[in-house]
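# Here you go, sequence then predicted model.
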There are 4 protein chains.
Amino acid sequence: MRVGVLTGGGDCPGLNAVIRAIVRKGVQEYGYDFIGFRDGWRGPLEGETVPLSIPAVRGILPRGGTILGSSRTNPLNAEHGVRRIRDNLAKYEVDALVTIGGEDTLGVAATLSDDYGIPCVGVPKTIDNDLSATDYTFGFDTAVGIATEAIDRLHTTAESHMRVLVVEVMGRHAGWIALHSGLAGGANVILIPEQRFDIEQVCAWVTSRFRASYAPIVVVAEGAMPAEGEMILKDGSHDSFGHVRLSGVGEWLAKEIERRTGKEARTTVLGHVQRGGTPSAFDRWLATRFGLHAIEAVRDGDFGVMVALRGTDIVRVPIAEATARLKTVDPALYAEVGVFFG
Amino acid sequence: MRVGVLTGGGDCPGLNAVIRAIVRKGVQEYGYDFIGFRDGWRGPLEGETVPLSIPAVRGILPRGGTILGSSRTNPLNAEHGVRRIRDNLAKYEVDALVTIGGEDTLGVAATLSDDYGIPCVGVPKTIDNDLSATDYTFGFDTAVGIATEAIDRLHTTAESHMRVLVVEVMGRHAGWIALHSGLAGGANVILIPEQRFDIEQVCAWVTSRFRASYAPIVVVAEGAMPAEGEMILKDGSHDSFGHVRLSGVGEWLAKEIERRTGKEARTTVLGHVQRGGTPSAFDRWLATRFGLHAIEAVRDGDFGVMVALRGTDIVRVPIAEATARLKTVDPALYAEVGVFFG
Amino acid sequence: MRVGVLTGGGDCPGLNAVIRAIVRKGVQEYGYDFIGFRDGWRGPLEGETVPLSIPAVRGILPRGGTILGSSRTNPLNAEHGVRRIRDNLAKYEVDALVTIGGEDTLGVAATLSDDYGIPCVGVPKTIDNDLSATDYTFGFDTAVGIATEAIDRLHTTAESHMRVLVVEVMGRHAGWIALHSGLAGGANVILIPEQRFDIEQVCAWVTSRFRASYAPIVVVAEGAMPAEGEMILKDGSHDSFGHVRLSGVGEWLAKEIERRTGKEARTTVLGHVQRGGTPSAFDRWLATRFGLHAIEAVRDGDFGVMVALRGTDIVRVPIAEATARLKTVDPALYAEVGVFFG
Amino acid sequence: MRVGVLTGGGDCPGLNAVIRAIVRKGVQEYGYDFIGFRDGWRGPLEGETVPLSIPAVRGILPRGGTILGSSRTNPLNAEHGVRRIRDNLAKYEVDALVTIGGEDTLGVAATLSDDYGIPCVGVPKTIDNDLSATDYTFGFDTAVGIATEAIDRLHTTAESHMRVLVVEVMGRHAGWIALHSGLAGGANVILIPEQRFDIEQVCAWVTSRFRASYAPIVVVAEGAMPAEGEMILKDGSHDSFGHVRLSGVGEWLAKEIERRTGKEARTTVLGHVQRGGTPSAFDRWLATRFGLHAIEAVRDGDFGVMVALRGTDIVRVPIAEATARLKTVDPALYAEVGVFFG
């Protein structure tokens, strides 16, 4: 039995922990061979591989990034993509494929598995925690921890000086990082993409906070938008994946708050710092258990499924179901934390 | 409506976050008054109180410890304990009591609530994560993070020198901290109280690890015991709560491993470092949500219940049920991580 | 003997450690009384005070910010400023003043001491480390540590993806934070205010780095400027102190690098995160020793001096001399670290 | 020109940063070849080498440990030790040797250089900071930071419960780590090897601290000893280097304090956690600059010297002079921090 492994999509602490667990258990308990495919779906598409064995995964548990590389290549958009993948799997005598990635990477795995009979098992990965069917994805806890630490540090400045401090965190479509780090950091305003914000309300919270002799901290997800539909980014710049550029809304907010309240405002944009570096203990635990259960699914011949966290259990769910819709912040939960605003 | 709040038992990061959430929501959304009782059950027993208001809880979210103080006083063992508590609650016009604590503190709350009709709501707290009915308790993630960071640091020493490194972590009756930090830290042996260890097997793992040109890291819960029933602690010393003294088994293991394998071994005993300091973001989130839901239970007049985490939801369970038995590490889960031993 | 204490200028981890050391030693060893002046020079100017005693400084050592508050008030610009200060010192029976601050705050102390005979002792404070006459100022090590940790985290992203990562750090006039954190973090380009940069050269380093199969990390001080004199900030916005707004040059660089090299670039702007939170152990040591020696200078009646670090010794220097010129990065030192560029 | 590099003695964060700087500058600026010798002096003695080039040192800056391995082998005690080293240097065509290590490693380098004309340059390394002729050695700041963080965490426990907390830190012959971390952490008692302690005085401080409603934290260097000359360790056990075993004095102190004051005491023994893991930013800066200046000394043909920190400058001093005597804590400095005791 030979198992292929690939990692796709954006960077996320915990990828190496998954790879290590898969290989360790696959080799030791089941006697499997492994082969790594380089750079997500580009690996099986182009036939680019890396050796994968117990020595190769030694010491990688605490390391961020992925030893297999990653890309956003979508083989379904490539000419003869499915056939080329099938041919390469045959060429390298790969009997099953563990695919670690987010919505896009897993979406391909679902199609290959369900429509073409290519035996795939999925491991969910998104720093944004916006994948349905699993309580949490690894990388999220690390990102929340980093953002919370930054907010913690801003509190002393908020105490000493009378400035508004705006922190822009990741989250283009879902506000989980903003919500968790904002709550954990004791932010006074939290703005998420799921709910357009009213800049007047934000300024009212800011002003009321100053009356309590304390400067406000505003946490804003990069995808949050003002209600009145005005363009945040004058230059409308986009990155190469078509997403609006990082660091837009934080700067915009700081300027608007200054203009409307007369209070000075400063911005921190954490950017990729949130997705790099060593994973938190929670993420290493989750990623490792995902890996152990993914290789168990391979052994069971249970393809087309994805491992998922439910409470403290790892379960299996159909990949297609898991990637069907984005898990966004429930309005009731957002309302629950609203007691800390202002 | 006036609500009393108390914290009992050992130190645990997140206690202040619970208190803050209770007060913040109670005052702002329900218009309640609050009163703090000092030092766990000693407060209502002796009538010792502290003021509790929104200004009093400002800035305490990231701080370890508890602004209310704590103790292990059990009022059920005190003369006229129940009557004195009832009198003091009447004296201070307290309509409901939120009790934050572990097995012992909550056990009292269950008795007072179920047998004497004193309106209590419980919030579970144990750094050891050994309370049934909740997926996790706050403080645990912080402790695991601290232990994992220590293990991470030992790896470079393990690489450079040929020494066995033993890390003793908390856990007298349950091995959760050892299991999670050992897995997250990439330990080569993890020993827990739930399963007596065979020192010969430990030495075999240690020796096999050296053959892979790498020095082993052994994580041991303070309550772990060797199989052969020999006394670990020659002096049999106990602390004032009747527990075996900290730092016994780690030292014992290091000496035994040295004696049996001829390899030098060194011990790290983290001790109370694990239960102090600022809570992790995860623990602040959990503690805050526990607080918000506890005061909701008060508003609903739902007494005798404890808030608990199930997946990503906060639910209510009967206190008595939750404290009925210790949640120990499932042998299947321990077996699952055994693939990383040796 | 009654001693007044004030803290002026921007936030800086370690201020509380200085205050604690001054009070602790002053009370215990010399039997002095203390009085705190609120918000820098505004305190003695307006006669606003806070009590200062051993209980008041308990527990503040690890806390960022300043319990005395701060401001940028310059009493020399206020009507009858000197007279009002003299009157208030007389009113509160203050025999000596310890002034903790940067260039501006200490400049006032020098004038009051040298020209008006008001007995001041100075303690140097600048997160930017740009004060002459002392090897280091406290706060700097903390800021460098925070920036280095951020750069560390970016490395895994740099490895996995082919993006340029730009980190903007503090330093309007001096590049010390950029230089130290860039070197410690293993940055591939470090840009400082002391030397205008050639954007072509930056792009050449970026491109050469990509050829080594690794994405470049560019650390830029907020005050760094391109050689060709073009305006970095189209909108020319300034903050309330007349300084160019934060987060300008990082964004500008990322856009220019993208435009010129065709590589995607992302920016992290740490902002005030660098000046908040708990001080590093080094800064606590330095701040504490500054405090101990400042109160010794008071006891010696040695006014008009500032404490300073020389090697491992704390010495005294005339304040006027210390604030005479900015300590900028020596070109030879900048050249020394250039071996790591590209 | 071919340069050999070796690292000797105990683990110390920053070793890899030195190696990287030496190679980077040696190759890029001077066009030198490099060869690594494995495991300290064992490398040139046995002729064991590792390749050393720019790719070999990529990414090692933040990593603890040493890619060259280490040992305590003393070639002067080996048969024909000097001749074998000379032969191996000739065999590998090594023109100069950079030796990174502590007293022992550098002592050998001094002898080989001064007595036998073998061209050595030294780089000082000791986590204990006890080497004369340099203000600081790298690794020390990291160790102090780790110990300080542990003490910080103990404070909340000290606040909530009425226990004495004892922290044992490294330092067999010099109390620098205890002094710096104890001061930075706000310890109430600091005990160092340079001055025998009076257990009665320690208990008096402990008791006075309790009267201030706060539990005491005692920081003790592993080499500290009670005045009355009684044996701390009943079993008198020693490690393989003849040193008294770790974790002796901390446990002893806790038991004695309990016995004499009736207060419960708990011990934390940090052990090797202090010498592992990623170096602090300060240590990376220092280690890197040591490396850059060491290779400059090689280029200048300036052998028998060691690089050293003086203020913010890197200077050269004769190795023999630097290793002549241990740098211990000055009694005046110890007295200075005594104001915080009790």
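Sure, I can see it. Numbers count the residues shown, from 1 in each chain, chains lettered A, B, ... in the order given.
# Buried residues, the longest helix seen in chain A. List them.
When chain A is parsed with DSSP state H, its longest helix is helix A:140-160. For helix A:140-160, the neighbour count (16 or more other Cβ atoms under 10 Å in any protein chain shown) marks A:140-160 as buried. Glycine gets a C-beta too; all of them are placed from N, C-alpha and C.
# need the strands for the stretch 101-250 of chain A, in chain order.
Taking DSSP state E, counting those that start in this stretch, the strands of the stretch 101-250 of chain A run over residues A:120-124, A:164-169, A:189-191, A:217-221.
# Just send the ones you listed back as CSV, with mean pLDDT, mean neighbour count and distance to residue D:65 too.
CSV is the format used below for the strands of the stretch 101-250 of chain A (pLDDT from 0 to 100; neighbours: other Cβ atoms under 10 Å in any protein chain shown; distance: least, Cβ to Cβ, whole Å):
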stretch, mean pLDDT, mean neighbour count, distance to residue D:65
strand A:120-124, 98, 30, 31
strand A:164-169, 96, 29, 34
strand A:189-191, 98, 28, 41
strand A:217-221, 97, 29, 38
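# between the ones you listed, which one is nearest to residue A:284?
strand A:120-124 (14.1 Å; Cβ to Cβ).
# ok, that closest one: who's next to it in the sheet?
strand A:96-101 (parallel), strand A:305-310 (parallel) (DSSP bridges).
# from these, which stretch is densest packed?
Ranked by mean neighbour count under mean count of other Cβ atoms under 10 Å in any protein chain shown, these are led by strand A:96-101, which reaches a mean of 27.
# Using PDB, write out every CA atom in that one.
Output in PDB follows, covering the C-alpha atoms of strand A:96-101 (Å, rounded to 0.1, in the frame of the first residue of the first chain):
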ATOM      1  CA  ALA A  96      -4.700   6.500  -1.900                       C
ATOM      2  CA  LEU A  97      -4.300  10.200  -1.500                       C
ATOM      3  CA  VAL A  98      -4.600  12.300   1.700                       C
ATOM      4  CA  THR A  99      -5.300  15.800   0.700                       C
ATOM      5  CA  ILE A 100      -4.900  18.500   3.400                       C
ATOM      6  CA  GLY A 101      -6.400  21.900   2.500                       C
END
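# Could you find the closest non-adjacent residue to the residue nearest the centre of chain A?
For chain A, residue A:127 is the residue whose C-alpha lies nearest the centre (Cα atoms, centre = their mean; 1.6 Å). Spatially, and ignoring its direct neighbours in sequence, residue A:127 is nearest to residue A:139 (4.2 Å; Cβ to Cβ, 6 or more residues apart in numbering or on different chains).
# and stretch A:46-60, anywhere near chain C?
No. Using Cβ under 8 Å from any Cβ of the partner chain, stretch A:46-60 stays clear of chain C, coming no nearer than 11.2 Å.
# pull the CA atoms of that stretch into PDB?
Output of stretch A:46-60 as PDB, limited to C-alpha atoms (Å, rounded to 0.1, in the frame of the first residue of the first chain):
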ATOM      1  CA  GLU A  46       2.900  17.500 -12.900                       C
ATOM      2  CA  GLY A  47       4.200  14.400 -11.300                       C
ATOM      3  CA  GLU A  48       6.400  16.300  -8.800                       C
ATOM      4  CA  THR A  49       7.200  14.300  -5.700                       C
ATOM      5  CA  VAL A  50       9.200  14.400  -2.500                       C
ATOM      6  CA  PRO A  51      10.300  11.400  -0.500                       C
ATOM      7  CA  LEU A  52       8.200  10.900   2.700                       C
ATOM      8  CA  SER A  53       9.300   8.600   5.500                       C
ATOM      9  CA  ILE A  54       9.700   8.600   9.200                       C
ATOM     10  CA  PRO A  55      13.200  10.300   9.100                       C
ATOM     11  CA  ALA A  56      11.700  12.900   6.700                       C
ATOM     12  CA  VAL A  57       9.100  14.000   9.200                       C
ATOM     13  CA  ARG A  58      11.300  14.000  12.300                       C
ATOM     14  CA  GLY A  59      11.400  17.300  14.100                       C
ATOM     15  CA  ILE A  60       8.700  19.000  11.900                       C
END
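# where along chain A do the helices fall?
Under DSSP H, chain A gives helices at A:15-30, A:42-46, A:54-57, A:81-91, A:103-116, A:140-160, A:176-185, A:199-211, A:249-261, A:281-299, A:319-322, A:331-337.
# Quick one, which of those helices gets closest to residue C:90.
Per Cβ to Cβ, nearest to residue C:90 of the helices of chain A: helix A:140-160, 28.5 Å.
# And the closest one, what does it pack against?
If contacts are counted by 3 or more Cβ pairs under 8 Å, 6 or more residues apart in numbering or on different chains; DSSP states H and E, helix A:140-160 sits against strand A:164-169, helix A:176-185, strand A:217-221, helix A:281-299, helix B:281-299.
# Next, format those as JSON lines and append distance to residue A:194.
Shown next, in JSON lines, are the helices and strands packed on helix A:140-160 (distance: least, Cβ to Cβ, whole Å):
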{"stretch": "strand A:164-169", "distance to residue A:194": "14"}
{"stretch": "helix A:176-185", "distance to residue A:194": "9"}
{"stretch": "strand A:217-221", "distance to residue A:194": "9"}
{"stretch": "helix A:281-299", "distance to residue A:194": "24"}
{"stretch": "helix B:281-299", "distance to residue A:194": "18"}
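# Which residue ranges make up each domain of chain A?
A:2-138+A:279-322, A:141-276 (automatic domain parsing).
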